[in-house]
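Asks: my questions are about this predicted structure, shown below with the sequence.
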Amino acid sequence: MSGQSPTIRSFNAQRVQYQTARSFDDVLSSLRRHVGHTTISEVNQQGACGATREEFERRVEAFAGDGGFMLFLEVKHSEWLRTYGINRNVIRWVFGNPIIAYTIIRHDITAGLFAPVELLLYENASGAGCTIIYDLPSTLMALDDNPPLLQAAKALDQKLANLMAQIT
């Protein structure tokens, strides 16, 4: 790749924001109840040793919460932000489901850049209530005219909206 110029492409995405009067701790607790927890390496192990598609899906679904998702990574920004005098609860989540991701990535491998999904949950500056923010997956993944990809990504949009309805 040495000496080659990169291709740079602009695109528009949509950001989704939910504000709720519920406390940060209450919303985080609700997220934890509806989203399973695992690691990417644990998910990868489920496909090891020649697992069939059916075996893999059965094993992976055992990790998922009732919202159909599982938490892969949690970044507690709050812990280090206090060093700089920002005393608000802030957490970033990376979560998803490889079975859902497959329904999207099979139509365009580059959609894997945005699967799994990320969200930010933060306590409002006033201390009352909190905000959840994420980028709408279909606007990140479906950049070209690809109707099957757009349909699959919009199904993910809806699953996220359903999860947000449960927790906010």
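Replies: Perfect, thanks for sending it.
Asks: next up, phi/psi of the nearest residue to residue 107 once chain neighbours are set aside, please.
Replies: Distances taken as CB to CB, 6 or more residues apart in numbering place residue 149 nearest to residue 107, at 3.7 Å, with adjacent residues excluded. (C-beta placed from N, C-alpha, C; glycine too.) Per-residue torsions, residue 149: phi -60, psi -50 (degrees, to the nearest 10).
Asks: ok, residue 149 to residue 125 distance?
Replies: Here residue 149 is placed at a distance of 38 Å from residue 125 (CB to CB, to the nearest Å).
Asks: how about the strands in the protein?
Replies: For the chain, the strands defined by DSSP state E occupy 15-20, 36-37, 70-76, 90-96, 117-123, 130-135.
Asks: can you add distance to residue 155 and mean neighbour count and give those strands back as JSON lines?
Replies: Converted to JSON lines, those look like this (distance: least, CB to CB, whole Å; neighbours: other CB atoms under 10 Å):
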{"stretch": "strand 15-20", "distance to residue 155": "15", "mean neighbour count": "13"}
{"stretch": "strand 36-37", "distance to residue 155": "19", "mean neighbour count": "16"}
{"stretch": "strand 70-76", "distance to residue 155": "17", "mean neighbour count": "17"}
{"stretch": "strand 90-96", "distance to residue 155": "13", "mean neighbour count": "20"}
{"stretch": "strand 117-123", "distance to residue 155": "13", "mean neighbour count": "19"}
{"stretch": "strand 130-135", "distance to residue 155": "16", "mean neighbour count": "19"}
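Asks: dump these to JSON lines, plus mean pLDDT and distance to residue 60.
Replies: Written out in JSON lines, the entries for these read as follows (pLDDT from 0 to 100; distance: least, CB to CB, whole Å):
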{"stretch": "strand 15-20", "mean pLDDT": "97", "distance to residue 60": "25"}
{"stretch": "strand 36-37", "mean pLDDT": "90", "distance to residue 60": "10"}
{"stretch": "strand 70-76", "mean pLDDT": "95", "distance to residue 60": "8"}
{"stretch": "strand 90-96", "mean pLDDT": "97", "distance to residue 60": "11"}
{"stretch": "strand 117-123", "mean pLDDT": "97", "distance to residue 60": "16"}
{"stretch": "strand 130-135", "mean pLDDT": "98", "distance to residue 60": "22"}
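Asks: could you dump the ones you listed into JSON lines and include distance to residue 4?
Replies: Compiled in JSON lines, the strands of the chain are given as follows (distance: least, CB to CB, whole Å):
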{"stretch": "strand 15-20", "distance to residue 4": "32"}
{"stretch": "strand 36-37", "distance to residue 4": "41"}
{"stretch": "strand 70-76", "distance to residue 4": "32"}
{"stretch": "strand 90-96", "distance to residue 4": "30"}
{"stretch": "strand 117-123", "distance to residue 4": "29"}
{"stretch": "strand 130-135", "distance to residue 4": "29"}
